[in-house]
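A.B. asks: Need a 3D model of the following:
(chains A and B)
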Amino acid sequence: MKTRVFSLFLMCLVFQSIMFGQAKDMVLIEGSRYLPLYGRDSTVVAVKDFKMDMYPVSIKDYETFLKENPKWRKSQVKGLFADKSYLSNWESDLKMNDFVNPNSPITNVSWFAAKAYCECQDKRLPTVDEWEYAAMADETTKDARVKPEYNARILAWYEEPRKEYIIGESPKNVWGVYDLHGLVWEWTLDFNSVLITGESRKDTDTDSNLFCGSASINATDLMNYAAFMRYAIRGSLQAKNSMKNLGFRCVKDVEKLK
Amino acid sequence: MKTLKYIVVVLLTVVAFQSCNSDKKNTGQLSGVYQCPMQCEGDKTYEKNVGCPICKMDLQLVEEKVSKTEAFGEISDESIFNLTSKWNTEEGTEIQLEDLKGKTLVMVMIYTSCKAACPRLVADMRNIEAQIPKESLNDLQFILVSIDPTVDTPERLKDFAIENAMDDEHWTFLQGSESGVREFANVLSVKYKEISPIDFSHSNIISVFNAQGELMHQQEGLGVDNKETIATILELTS
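C.D. replies: Sure, this is the predicted structure:
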């Protein structure tokens, strides 16, 4: 009887790891209240507990997704869901350029594609608040925004062109999440809730025109220029746009056990 | 041991059903219903055009929706009918955007508890409607999509429609899922943000789509000159 119970237990363990294999690279982010750069009337926002991918989605991950979901390959994707820059750096439908490390973050993907990728794994894109909340941590502190060096480091990344993009090479933050800063910008579920630049939808789709750094009047912390850049870029994007320095990662709600 | 085998089978089945199903196509809606043109057997319908067993005549498609789909053929890459999200109308029926195919669509996103911009957006919609000749209204659908699906239930939308004298056939109100609304807003390039539990800020855009669901025109702003919007609609419905 004992062996049977034990083997059942083992079975369940194996089953668990197969079923939730995709969740293994996720970490729990304990929610709390925090003051975002742009809040509801510049007040505190509550973030619930959630699980976040430790790494941005890699080229290798995305290749697997494309193999299973032909409709997101660049030759087949619908114009409604992606513009011409979608996967424009890919040689063919299933092949990235040879010189690119497969462990680099996937970029040149539209919001629709990123959303579909996450939904396929029974996950979703993080909200702006969730992303900003997780990203305000550094290696030791959950809210490192008070430290001058936190901001300086992000800004240094914004300024400096990077030679090689490899996931997981810089230190993880206190939650155990890698690369929220320093590699690529990331899509968020409700990026279109940023209402700062009403005219940007009339911009052309070159990368340089998508960056706009004005209108920070409503911001709660005018010194947080790095965060401001993120809001500005969210405000200027359309869901079918894609850019060579914009990737994504997925999150998942934490189901209450009770 | 038998129980163990049983458990393994069950678990494997569950795993098999876990795989991604986003590619599943909703083909159910396109399958036609056929009927004998002479109605030899009354209202009896057939799933395939097999010919009437009594009068031997070819069967005819009976559903209007299906014949329209045939008439317009495949939808294009840019069509909003590529969205597969489900919506509830103010009449309580569940639809997909594709079910609106065949008519020129004039769409706007609002929410019913809005006190500032939406009444003016709604007024803009009515103003546009008032300038369309009566006979063209049959080829048109004015669609108001709620950005607040938790509050704006079909019942509430129906009340709103009646209160605002927008309950005719050519007005449709839609309640979606939160993710469906977010996606739809992104297709229209509409931005919105919940600023309190009952308030949203959002862009004011009225969009015109042709019968195949392709975006033809957008007007942005409140109380703007809607001459171009009306011209586009008239061109599409003439």
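A.B. asks: Specify the local secondary structure of B:Ile95.
C.D. replies: At B:Ile95 the chain is in strand, as set by DSSP: H, G, I helix; E, B strand; the rest coil.
A.B. asks: Tell me how many other residues surround B:Leu215.
C.D. replies: 18 (other C-beta atoms under 10 Å in any protein chain shown). C-beta: built from backbone N, CA, C; applies to glycine.
A.B. asks: meant to ask about A:Lys244
C.D. replies: A:Lys244 has 12 neighbours, counted by other C-beta under 10 Å.
A.B. asks: is it true that it touches A:Val109?
C.D. replies: No. The criterion here is C-beta atoms under 8 Å, and A:Lys244 misses it with A:Val109 at 10.4 Å.
A.B. asks: Spell out which residues are contacts of both of those two.
C.D. replies: Among the neighbours of A:Lys244, none is also in contact with A:Val109 (C-beta atoms under 8 Å, 6 or more residues apart in numbering or on different chains).
A.B. asks: how about the helices in chain B?
C.D. replies: B:2-18, B:64-72, B:118-130, B:154-163, B:178-188, B:227-237 (DSSP state H).
A.B. asks: least reliable of these going by mean pLDDT?
C.D. replies: Out of these, helix B:64-72 stands lowest, with a mean of 44 (criterion: mean pLDDT).
A.B. asks: The stretch 151-258 of chain A: helices as residue ranges?
C.D. replies: A:207-210, A:225-236 (DSSP state H, counting those that start in this stretch).
A.B. asks: and the end-to-end length of stretch B:152-170?
C.D. replies: 20 Å (C-alpha to C-alpha, to the nearest Å).
A.B. asks: Then stretch B:57-76?
C.D. replies: Per C-alpha to C-alpha, stretch B:57-76 runs 35 Å from first to last residue.
A.B. asks: Would you tell me which residues of the stretch 101-250 of chain A are close to chain B?
C.D. replies: A:111-112, A:115-116, A:119-122, A:124, A:189-190, A:192-195, A:198, A:201, A:235, A:238-240 (C-beta under 8 Å from any C-beta of the partner chain).
A.B. asks: Would you mind writing the ChimeraX command to select the buried ones in those residues?
C.D. replies: Buried members of those can be picked out in ChimeraX with the line below, counting by 16 or more other C-beta atoms under 10 Å in any protein chain shown:
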select /A:111,112,115,116,120,121,124,189,190,192,193,194,195,201,235,238,239,240
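A.B. asks: Report the central residue of chain B.
C.D. replies: B:Leu97 (2.9 Å; C-alpha atoms, centre = their mean).
A.B. asks: And the lowest mean pLDDT element among the helices and strands of chain B?
C.D. replies: When the helices and strands of chain B are scored by mean pLDDT, DSSP states H and E, helix B:64-72 comes last with a mean of 44.
A.B. asks: Low-confidence regions, chain B specifically.
C.D. replies: In the predicted model of chain B, residues B:1-4, B:7-32, B:42-43, B:62-73 satisfy pLDDT under 70.
A.B. asks: Check the stretch 151-258 of chain A too.
C.D. replies: Those would be A:162-163, A:195-224, A:256-258, if you go by pLDDT under 70 across the stretch 151-258 of chain A.
A.B. asks: ok, 80 please
C.D. replies: Residues of the stretch 151-258 of chain A that meet the criterion pLDDT under 80 lie in A:158-164, A:194-225, A:255-258.
A.B. asks: Please enumerate the strands of the stretch 51-200 of chain A.
C.D. replies: A:90-92, A:95-96, A:185-186 (DSSP state E, counting those that start in this stretch).
A.B. asks: what number of residues lie near the closest residue to A:Ala134 other than its chain neighbours?
C.D. replies: Leaving out its chain neighbours, the residue that sits closest to A:Ala134 by C-beta to C-beta, 6 or more residues apart in numbering or on different chains is A:Ile29, at 5.2 Å. Using other C-beta under 10 Å, A:Ile29 is surrounded by 23 other residues.
A.B. asks: Let me know whether A:Ser88 touches A:Val109 as I believe.
C.D. replies: No. With contact defined as C-beta under 8 Å, A:Ser88 does not count as touching A:Val109 (10.6 Å).
A.B. asks: Which one of those two is surrounded by more residues?
C.D. replies: Per other C-beta under 10 Å, whichever of A:Ser88 and A:Val109 has more neighbours is A:Val109, with 28 against 11.
A.B. asks: Now do the contacts for the nearest residue to the more buried one once chain neighbours are set aside.
C.D. replies: Once flanking residues are discounted, A:Val109 sits nearest to A:Ser242: 5.3 Å by C-beta to C-beta, 6+ apart. By C-beta under 8 Å, 6+ apart, the contact list for A:Ser242 reads A:Ala82, A:Asp83, A:Ser85, A:Tyr86, A:Leu87, A:Ser88, A:Thr107, A:Asn108, A:Val109, A:Ser110, A:Ala113.
A.B. asks: and these, which two are the farthest apart?
C.D. replies: A:Asp83 and A:Thr107 (14.2 Å; C-beta to C-beta).
A.B. asks: quick one: which of these two has more around it?
C.D. replies: Using other C-beta under 10 Å, the more surrounded residue of A:Asp83 and A:Thr107 is A:Thr107, with 23 against 16.
A.B. asks: Let me see the backbone angles for the more buried one.
C.D. replies: Phi and psi for A:Thr107, reported as degrees, to the nearest 10, are phi -130, psi -170.
A.B. asks: The nearest residue to it once chain neighbours are set aside bridge partners, please.
C.D. replies: Distances taken as C-beta to C-beta, 6+ apart put A:Gly247 closest to A:Thr107, at 4.9 Å, once the chain neighbours are dropped. Bridge pairing for A:Gly247 (DSSP bridges) gives the partners A:Glu186.
A.B. asks: So what's the residue count around A:Gly247?
C.D. replies: Count around A:Gly247 with other C-beta under 10 Å applied: 27.
A.B. asks: next one: B:Val50
C.D. replies: When counting by other C-beta under 10 Å, one arrives at 10 neighbours for B:Val50.
A.B. asks: okay, now A:Leu87: neighbour count?
C.D. replies: A:Leu87 has 24 nearby residues by other C-beta under 10 Å.
A.B. asks: Let me know the distance separating it from chain B.
C.D. replies: Shown here: A:Leu87 relative to chain B, a distance of 16 Å by C-beta to the nearest C-beta, to the nearest Å.
A.B. asks: What residues does that residue make contact with?
C.D. replies: A:Arg73, A:Lys74, A:Asn108, A:Val109, A:Ser242.
A.B. asks: again, but for B:Val190
C.D. replies: So B:Val190 contacts A:Asn192, B:Met109, B:Ile147, B:His202, B:Ser203, B:Ile205 (C-beta under 8 Å, 6+ apart).
A.B. asks: can you redo those residues as JSON lines with distance to B:Glu178?
C.D. replies: What follows is the contacts of B:Val190, written out as JSON lines (distance: C-beta to C-beta, whole Å):
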{"residue": "A:Asn192", "distance to B:Glu178": "13"}
{"residue": "B:Met109", "distance to B:Glu178": "13"}
{"residue": "B:Ile147", "distance to B:Glu178": "10"}
{"residue": "B:His202", "distance to B:Glu178": "15"}
{"residue": "B:Ser203", "distance to B:Glu178": "18"}
{"residue": "B:Ile205", "distance to B:Glu178": "20"}
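A.B. asks: among those, which ones are buried?
C.D. replies: Applying 16+ other C-beta under 10 Å to the contacts of B:Val190 flags A:Asn192, B:Met109, B:Ile147, B:His202, B:Ser203, B:Ile205 as buried.
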